[in-house]
Each structure stands twice: as structure tokens, then as C-alpha cells.
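>>> My questions concern the predicted model and sequence given below.
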Amino acid sequence: MTLSVALVGIRHCQYEATLAPGMLKAAADARPGLRDRARIELHALTTRDDPEDAGRTLAASAGLLGVSCYLWNVAFARRLSAAYKAARPDGRVVFGGPEPSARPLEWLAGAPEVDWLAVGEAEETFAELLEALADGRDPEGLAGLAWREAGGCRLGPARPARVDLDALPSPYETGLLPLPGRPHVCFEASRGCPFDCKYCDWQNKQRVRRFSEARAERDMRLLLERLPGARVFVADSDLFLEPRRGARLARAWRRAAGDSPCAFEVHTYLPRLDDDALRALDAPQFTVCVGLQSSNPKALAAVSRFFDGESISERAAAFRRLAPRARLNLQLIYGLPGDDPEGFAGSLEYALSLEPDTLMLFPALALPGSEMGRDPSAFGLSVSPEPPYRVLETPGFTAAALAEADQLAFQLFTFQRHGPCYRVLRRLGAALAGRGPGARLGAFTGFARFLAGTPFELGPIHERARRDLLGFLTFEEEPWGGMPAGARDAALLRLLADYVRRRLEEAAASELWPSFAADLEAERRDVLWRELTASAGFHRLVGTLAGAGAADGLWIGSERAAAAEAPFWPEARRWHWLPPGPEPDEPCRGARHFGAQDLDAAEFRARGHGGVVLSQVCRSLAEGQRRELFADLRRGARHGSRLTLFDSGGAVRFEPARLAAELRAAGWRMPRAPRALGAWFVLTAVSDEGDRGGGAGAPARLS
């Protein structure tokens, strides 16, 4: 008997849910003789697909449906399997994953469309189920399998967690993963978690088992070879439980990435990142996620969460010093037992003081596999019985207080999506931090109040926002999408300027306004630049001045202007300057990145090029850095290649004539004087035979 099997991963957020199905197929295909008797196909769906249509489609080709089930896709998964069974009554359905595994018998009893559950890590259980079905045997009684019978539901013997993870076949070696055209993927280098946080449904206090470093390096290399621009979510509970191992893997993955504009999201606890680990993470591809959850001692004690504020603060400062190109993402939970609005506000103020690139706020969930979920009353919690099992009320948080925290989470989320707002408000909070309590958080909440009565008021958007399955209020579209982008951003920046000036006056800190005004002016010019680059005239100008079309050209710009500049000179190699401060959430695909520290790195030398555009970069460079960059570009230029410079001066005030003098000193010839282009100026330089550029020191990384 030959089985036709459909293994389905259902994505809710950006990351594909195909890792578990891929591991199951790889394990089953490796069983002697099973591959010829069970044809397994992987399917990737999203919760935005139509589950009924998908179920009917799968029923036409598969006699067994396997579904990887999580709390975010359980409703979709059950509708999918019900539609499958309706279209194919003789079809069989097996579920697995954390959601049903937390309470298998209770869950299976309430899901009549499901025939079996594979509980926990299911590579062996699933393969043995297929063998039994292919042999015509009854699979009931298999270790790790739950089934339905006349008297109710039964669960076979527990299956021990596999210790030797390298014995599991790799879906990357066989080419099963990653799926083509799906760049957001999950990856694991270990399984298990040794901690005992009461809100977590991970297999707490479980021995951590690791894939060998060689396996984790090889699998990542294969993944990136097949999907060079992948954004990889590393699903380990903490990649740096062994800091030296984590640092070695980070360096190996950076080598595997090479020139690829990929990104890695890893999780850890800040005090575990020693100096060597931080240096290993110093690349724009890395986002380091740290679950602070709370700084309130009562909440921390209630959920068995350890916290060392002094060490966290010291390591956050070290992060900025030793890994300036990486991104730091901090996460907090509101509604924990033992917490209250005042304690949560204190946690927020503390988290903002660490100057994260992003700060995410999540509501407390009483997950069925966690201690909070198994006995909510022991923690004084009122919880929703349906996924995502939100905490509805606690002794410290009324339902109204949790609703206010929802609104605050949405406000921060929205401001972080609008880069200029987040950059300026974060700086404002830091500037006022010594002038009163709650200044950092107050900078954000104050601006949200300031927007009331304007077209940017957040209240109506909050009401329209979709509450996703994790209970986190989001809004997938541009929050103020009804306005033209340029007019929207310019108007919002004007309001932001009025707000900042008023807050500084109220705090008796008006002497800080000129510096903020310069920052806001630079942000405004970025908005105008995006509008200018959208014009047909600018397209023609770039082609004329830069000699665009040479396949060996360089376009050196910034992340913030990447989308606006993408249509220009597509043949050119893209480089993005990373100035200090927060950058977009993921490194721009198709570009390499460099920062101030790379200008002194001797191993980075310019290759020959037929032309260069420097767009909005010089304003972020100190004079010595500009001179070195100009000289390095000249050394790599072929005879007759052009350098075109677009800039506005930004917060760094310098005259175009001064830049022209620096270019001439580096060996460039200026065929014409600097010209005005609206709020910008344009410089064009040409490389001639003879002087190959002066300047001391090592060249910049531009290859």
C-alpha cells in the first residue's frame, strides 16, 4: 500500500511554519523502505488563506493529512481538517505541535475531525505511524501517539526526547528546506530550556540538547546557499546558554552569509553576552532579542524569573560599544501576576533607558502547558479559555488597566514603525531623563496625547486595528495610509517639532532645541528626498550625471532611502552606510553594509569601478572619514569613471565648496561647480590618469 501524505505548516506571522514538517519528512524518508511506500508532500499555508478551499484541495491528492499546530493557527487548522474530512470521508488526520501536546487527551476529545495526535518531538512517532499504516497495521499503542477509541481517548507510552540530535536527518542536506521563494524561515541549533518561568509552555527544566556545531554550521550554510536573502528566526530558547558556542556559531553564520543581505534573529539573556560574544554579533545581519519581561521584583518572583538589573545595564552599554551594527530588541510582558500598572510603567522606563532599537510589549498569556495555564487560580488570574488564552484580570491589573496597556503597546508599535518619530522621541526621553520621573516613556505617551484632534490621532486607528491571535494590537497597513506619503510624513514631522519644542520649554530645557531642530530638519530633508527621487526628472538626471549603466558601478546610500533609490542604476553594487542610531528592522535585501569602524579596516579594499554615486552619506561622515572615503574611491576608479554626490548637509553643516576641495585633494577632477538641486546640492567628479588619490590610512570597505 502506498500512502499519499500532505504535511502542512501554517504561518501566522512573517516566519514560515515549515521547520517541523520538514524535519518530519526528512526523518520519515530516511526510514528504510518507507519512502517508497509513503509519498510525502510539504505544503506552506498562511492563516489568511481560505481553510475550506485548502482542505478540499488537499483532499484531492492526499489520503493522510498531517498538521503542525500552534495556538496562533489552531482555529485555521481545525477548519482545514474539517473541510478535508468533508471532502474525503475516508481520509485520516494527524495533528502535532505545542498546542495539542500540552493536554493531548483533552484536546483530542474536543477535536472530532482529528484521528491521532503525535505528542512532543514527533520525528520517530510520525515515521512509525506511517509504517503502521503502510503495513495495514493498527497504529494505536505507539509511543508518543494519542488516539480515539470507543471508551474515549488514549495515550501511548511517553517517548523519551532524543538526546543525539545529529542523528535526525537534515532537511537542508536533502533539499527539503528552505522552500523556494519563502525568505522568512525558522531554524534550530538546540532544543529544550533549563529554566522554570511560570508563564512559559516550553519543556521547562528539560535538559538542553544541541545539534553539533558542525551540523548547525552546515545546515545554515545550505539554507543560505539556497535562499541567499533569508531572514532566519533561530528558535533556540537561548543561543548563548554556552556563550563560547554561541559566539562560534554567530561567526560561522556570518561567514556563511558572505555578501548575502540575510538577517538572523537570535534570543538570549543580556548578561550571558560576554565581550567575545558581542564582537561575534557585531554585524547588521543580527537582531538580538532579550525577554526582560519585567523589572518589578514582585512580578519576577511570582513567575520565577531571574533579573540582575546592574548586569543587564552594563551589558546593554557593552552591546552598544562592541556590537554597534547589531540591533537590540527588548521585550516586556504586561499583566503578569504580581505586577500592576505602576510596576509595568517602571519596567518600561527601565527598558527604554537601555536604548533598544525596538521595544515590544506583549500581553500575558496563560498557555495550557505552563504553570499559569494549568492552575490560573493559584496565581489569582482570570483567563480566556480560548486561544491565545489571554490573561483578562489579575489582582494588580483590572480589565480596564489591561486595555490601557494594550493601547500603550499599540502606540509604541506605531511610533516604532515610523522611524523619524521613534528616533526623535527616544532621544527626547533620554534628554529629559534626569529632569523628572518617567521622562522616557512620557516622551512617547505625551506625543500620542498631543496628536489627539489631528489627522494623526491614534485612537481611531487603535479601534480599527486588528487584534492578532497573540492578543498584540497591530495594524498591518500604514497607520495613516489615506494620505500621500510625502505630505503625511512632512505634516507629522511638523507636529513632532511643535511637540518637542513644547516639551523642552516645559522642562526648562530650551537650550536643547537647536540640536533637536537640526535632527528634525535632517528627517524633513529625508522626506523631501524620497519625493524628489520619485520624479521623472531625477531619473534622467541620475543617468546623465552618474553615467549610470555601467555594470561595475557602486551606489552608496542609506537604509532609510533604500526604497526610494532602488530604481536607479540597478546594475550597480549597492552599499549602505550605517550611521550610529536605530536602523530599519531588517537590513535591506540586495545591499552590503558598512559603518564608521569599517573605514579603518585594512582588509576592505575597493575594487575597480566604472562610476560611483554617494547619496546622503557625506553628511554623516566626519571630515577625516570623508577624505579617506574619497581617496579610496579614487584608488579604485578606472580612467574616466564618475563620482556623483547628492547631499543636503544635514545636521553636519559644511559647504559644497569644501567638499569639492576635499575631492580634488583625493585626486578627483571637478568638471563643473557644485549645483543646487532644490534643498540639495550635486557634485560631479571624474577620475583622470595620473594621481591615484592621496590620503593616509587604510581604505574603506567597498568591494
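Perfect, thanks for sending it.

>>> May I ask which helix or strand encompasses the nearest residue to Arg672 once chain neighbours are set aside?
Distances taken as CB to CB, 6 or more residues apart in numbering put Thr684 closest to Arg672, at 6.3 Å, once the chain neighbours are dropped. To be clear about C-beta, it is placed using only N, CA and C from the backbone, and glycine gets the same treatment. Using DSSP states H and E, Thr684 falls within strand 680-686.

>>> From the chain's centroid, how far away is that strand?
Distance of strand 680-686 from its chain centroid, counting by CA atoms, centre = their mean, to the nearest Å, is 37 Å.

>>> likewise stretch 177-185?
15 Å.

>>> one step back: pull out the buried residues from the strand holding Thr684.
Trp680, Phe681, Val682, Leu683, Thr684, Ala685, Val686 (16 or more other CB atoms under 10 Å).

>>> Make CSV out of these and add distance to Glu99 and pLDDT.
Compiled in CSV, the buried residues of strand 680-686 are given as follows (distance: CB to CB, whole Å; pLDDT from 0 to 100):
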residue, distance to Glu99, pLDDT
Trp680, 54, 77
Phe681, 59, 80
Val682, 58, 84
Leu683, 60, 85
Thr684, 61, 86
Ala685, 61, 88
Val686, 64, 89
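
>>> how about those residues in a markdown table, adding distance to Pro21?
Output for the buried residues of strand 680-686, formatted as a markdown table (distance: CB to CB, whole Å):
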| residue | distance to Pro21 |
| --- | --- |
| Trp680 | 51 |
| Phe681 | 55 |
| Val682 | 53 |
| Leu683 | 55 |
| Thr684 | 55 |
| Ala685 | 55 |
| Val686 | 57 |
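
>>> rewinding a little: shouldn't the residue nearest to Arg672 be in contact with Pro656?
No - if you go by CB atoms under 8 Å, Thr684 and Pro656 don't touch, sitting 11.5 Å apart.

>>> sorry, back to before: identify, from the buried residues of strand 680-686, the entry nearest to Ala433.
Of all the buried residues of strand 680-686, Trp680 has the smallest distance to Ala433: 35.0 Å, by CB to CB.

>>> looking at the sheet around that closest one, what are its partners?
Here Trp680 sits in beta bridges with Leu677, as judged by DSSP bridges.

>>> and the gap between it and Met670?
17 Å (CB to CB, to the nearest Å).

>>> who's in contact with the host helix or strand of Ala491?
Using DSSP H and E, Ala491 sits in helix 485-506. Residues outside helix 485-506 that contact it (CB atoms under 8 Å, 6 or more residues apart in numbering) are 418, 420-421, 424-425, 428, 431-432, 443, 446-447, 450-451, 454-456, 478, 480, 483, 510, 512-513, 516-517, 520, 523-524, 527-528, 530-531.

>>> pLDDT (mean, whole number) over it?
What helix 485-506 shows for mean pLDDT is 93.

>>> Buried residues, whichever helix or strand comes after it. List them.
Using DSSP H and E, the next helix or strand after helix 485-506 towards the C-terminus is helix 513-533. Across helix 513-533, burial judged by 16+ other CB under 10 Å covers 516, 519-533.

>>> before we move on, what about stretch 450-468?
So for stretch 450-468, counting by 16+ other CB under 10 Å, buried means Phe450, Leu451, Phe456, Leu458, Ile461, His462, Ala465.

>>> which two of these lie the greatest distance from each other?
Within these (distances taken as CB to CB), the two that end up farthest apart are Phe450 and Ala465, at 19.8 Å.
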